[in-house]
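Enquirer: take this sequence and fold it.
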Amino acid sequence: MLENPRSPRVRAVAKLVKRSAREETGLFLAEGPQAAREILAYRPETVVEMFATPTAMERHIDIRDAARDAGVEVVFTTEAVLDAMADTVTPQGIVAVARQSPTSMRDVFAASPRLVAICEEVRDPGNLGTIIRAADAAGADAVVLTGRTVDPYNPKVVRATTGSLFHLPVAVGVDLASTVERAHTAGLRVIAADVGGGDFLDHRALLAEPTAWLFGNEARGLDEEALTHADLSLRLPIYGAAESLNLATAASVCLYETAFAQRAR
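Expert: Residues are numbered from 1 along each chain as shown. Model (predicted):
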């Protein structure tokens, strides 16, 4: 059992909360039973090792069994050690260390997708995690992160996806122009979600076709250059007195409306 929160092994795991350490090692943290359960179910080959308190393993026997079936070592720790490793205040007794496994943009569009979410300079971890989760729930084929979008392996993003990060392809480190070019080559229409765009309801019929939604920064939206890459821009109507919609909420509506249209057809 690991008992020393200041041991080199514990410190090496704790460093993964920082982007520099994740980039250097190619590893990241999946904290809590939900993340552990999902990564063992969908990406077991990426799990390097798992740390857990004895109490957590007794409580989550399914995770213990899944780790054993995947050949993943479970190292028992004290509560203090697990707290030192994790980014959260209450990590719930389980932390997995896994290899990052992004999908190449080429593979994303070679798979003939019908619904893709493109995030351009989305900086808030909670928003990005929720968009990935919504894309997964709406049956999107992939999420592509362009510009200076937050690292999808940031612990806060991983938690916000509640496991969806392991369910669908996520491409990272690509520029918007080449992403749009690939989308067009694959037969997708690129629609920007923008407050200055056309009325969403007037263009609803277009959503039945293969679509890539382009979402921008939380505060600034999409700049003029980014908007020139889109085939058209649409805005969601505001019927009440709200000033605007949160980015992740708006993205969820756009993705689900597209999923409804494509399935109805």
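Enquirer: low-confidence stretches in the protein?
Expert: Residues of the chain meeting the criterion pLDDT under 70: 265.
Enquirer: show me the helices in it, by range?
Expert: Here the chain has its helices, by DSSP state H, at 8-14, 19-25, 32-42, 54-59, 61-69, 79-85, 105-110, 125-137, 155-161, 176-185, 224-229, 247-264.
Enquirer: ok now the first one, how far from the chain's centre?
Expert: Yep, that's helix 8-14 we're talking about. Centroid separation between helix 8-14 and its chain, computed with Cα atoms, centre = their mean, to the nearest Å, is 25 Å.
Enquirer: ok, back up a step: can I get the helices of the chain in a markdown table including mean neighbour count and distance to L2?
Expert: Using the backbone N, CA and C atoms, a C-beta is placed for each residue, glycine as well. Output for the helices of the chain, formatted as a markdown table (neighbours: other Cβ atoms under 10 Å; distance: least, Cβ to Cβ, whole Å):
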| stretch | mean neighbour count | distance to L2 |
| --- | --- | --- |
| helix 8-14 | 17 | 6 |
| helix 19-25 | 13 | 19 |
| helix 32-42 | 21 | 17 |
| helix 54-59 | 15 | 12 |
| helix 61-69 | 15 | 16 |
| helix 79-85 | 20 | 5 |
| helix 105-110 | 18 | 38 |
| helix 125-137 | 23 | 28 |
| helix 155-161 | 23 | 20 |
| helix 176-185 | 18 | 42 |
| helix 224-229 | 14 | 47 |
| helix 247-264 | 19 | 36 |
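Enquirer: can I get the ones you listed in JSON lines including distance to I94?
Expert: Converted to JSON lines, the helices of the chain look like this (distance: least, Cβ to Cβ, whole Å):
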{"stretch": "helix 8-14", "distance to I94": "13"}
{"stretch": "helix 19-25", "distance to I94": "19"}
{"stretch": "helix 32-42", "distance to I94": "5"}
{"stretch": "helix 54-59", "distance to I94": "5"}
{"stretch": "helix 61-69", "distance to I94": "7"}
{"stretch": "helix 79-85", "distance to I94": "8"}
{"stretch": "helix 105-110", "distance to I94": "30"}
{"stretch": "helix 125-137", "distance to I94": "18"}
{"stretch": "helix 155-161", "distance to I94": "13"}
{"stretch": "helix 176-185", "distance to I94": "35"}
{"stretch": "helix 224-229", "distance to I94": "39"}
{"stretch": "helix 247-264", "distance to I94": "26"}
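Enquirer: now for those helices, which one comes closest to P237?
Expert: Nearest of the helices of the chain to P237, taken as Cβ to Cβ: helix 247-264 at 10.3 Å.
Enquirer: tell me what that closest one is packed against?
Expert: Under the contact definition 3 or more Cβ pairs under 8 Å, 6 or more residues apart in numbering; DSSP states H and E, helix 247-264 sits against strand 115-120, helix 125-137, strand 189-199, strand 211-215.
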